[in-house]
Each structure stands twice: as structure tokens, then as C-alpha cells.
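Q: Quick check, what structure comes out for this input:
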Amino acid sequence: EHEVAWTWLWENVERLVRSTLGKPQQQERALERFIKSLTPEAFNYLRTEVYARFFQMAPAGQDHFKQSSSRLHFIADRVVEMTIDIYCEPRRMVE
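A: Okay, here's the model as predicted:
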């Protein structure tokens, strides 16, 4: 079940990234500046908001992400890291 949700999430991320092809360098710099500018409180809010919006958009996702808050925060941290990586190494990230 977890793999289905994870695959669904990244298929959607890939679709969104493909729609912005041709603009990655500009967006990569802006994304890095944004992430580096976040205070610890703002980053915690971002972590929480990722799941709030995800569950709002895809309520069935709640059935796949029944884990502790610390585990959900770890996953959100990885999503942020991978979001930057997808700009730096897009081919590696979608393989």
C-alpha cells in the first residue's frame, strides 16, 4: 500500500516537472533560495502543510500513510531533498 501511494505521488511530481521543462535552472535557484530562507518553524509548518494538502487532495492517501509524526517528517524532508535533486539530476531521479 505504501509503495502505491509513493509511486502515485512521484508520478504526479514527474508530470508537474515535465510541464515546466525549459525553465529548470531559474526554478532550481529560486527553490534553493526559498528552502535556505526557511526558519526551523517555517520548515516544520511546510512539513505539516505537505500532508494536510496531500490528504485534502487525495483523502485515500490517509490509508497509506498511517505512521508516526517523526516518520512523516522524515518522508517530508526526503521529498524536499528529492525536489531539489530532480532539478539537478532529472534523469537519475525518474529512473
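
Q: what residues does the longest helix belonging to the chain touch?
A: Counting by DSSP state H, the longest helix found in the chain is helix 69-88. For helix 69-88, the surrounding residues in contact (C-beta atoms under 8 Å, 6 or more residues apart in numbering) are 9, 13, 17, 24-25, 27-28, 31-32, 35, 44, 46-47, 50-51, 65, 67, 92-94. Glycine gets a C-beta too; all of them are placed from N, C-alpha and C.

Q: please redo it, this time with the cut-off set to 7 Å
A: Outside helix 69-88, the residues that touch it by C-beta atoms under 7 Å, 6 or more residues apart in numbering are 17, 24, 27-28, 31-32, 35, 47, 50-51, 65, 93.

Q: Ok, stretch 21-31 next?
A: By C-beta under 7 Å, 6+ apart, stretch 21-31 touches 20, 83-84, 87-88.

Q: Report how many residues lie close to Ala76.
A: The burial count assigned to Ala76 is 19, neighbours taken as other C-beta atoms under 10 Å.

Q: I meant His2, not that one.
A: Using other C-beta under 10 Å, His2 is surrounded by 11 other residues.

Q: isn't it right up against His64?
A: Yes: using C-beta atoms under 7 Å, His2 is in contact with His64, at 5.6 Å.

Q: what's the following helix or strand after the longest helix of the chain?
A: helix 90-94 (DSSP states H and E).

Q: May I see the buried residues of that following helix?
A: For helix 90-94, the neighbour count (16 or more other C-beta atoms under 10 Å) marks Met93 as buried.

Q: Check stretch 43-63 too.
A: By neighbour count on 16+ other C-beta under 10 Å, the buried set for stretch 43-63 is 46-47, 50-51, 54, 61.

Q: if we can go back for a sec, neighbour count and pLDDT added to the contacts of stretch 21-31, as a markdown table?
A: A markdown table is the format used below for the contacts of stretch 21-31 (neighbours: other C-beta atoms under 10 Å; pLDDT from 0 to 100):
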| residue | neighbour count | pLDDT |
| --- | --- | --- |
| Thr20 | 11 | 76 |
| Thr83 | 15 | 86 |
| Ile84 | 13 | 85 |
| Tyr87 | 19 | 81 |
| Cys88 | 11 | 82 |
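
Q: Many thanks, I have nothing further to ask.
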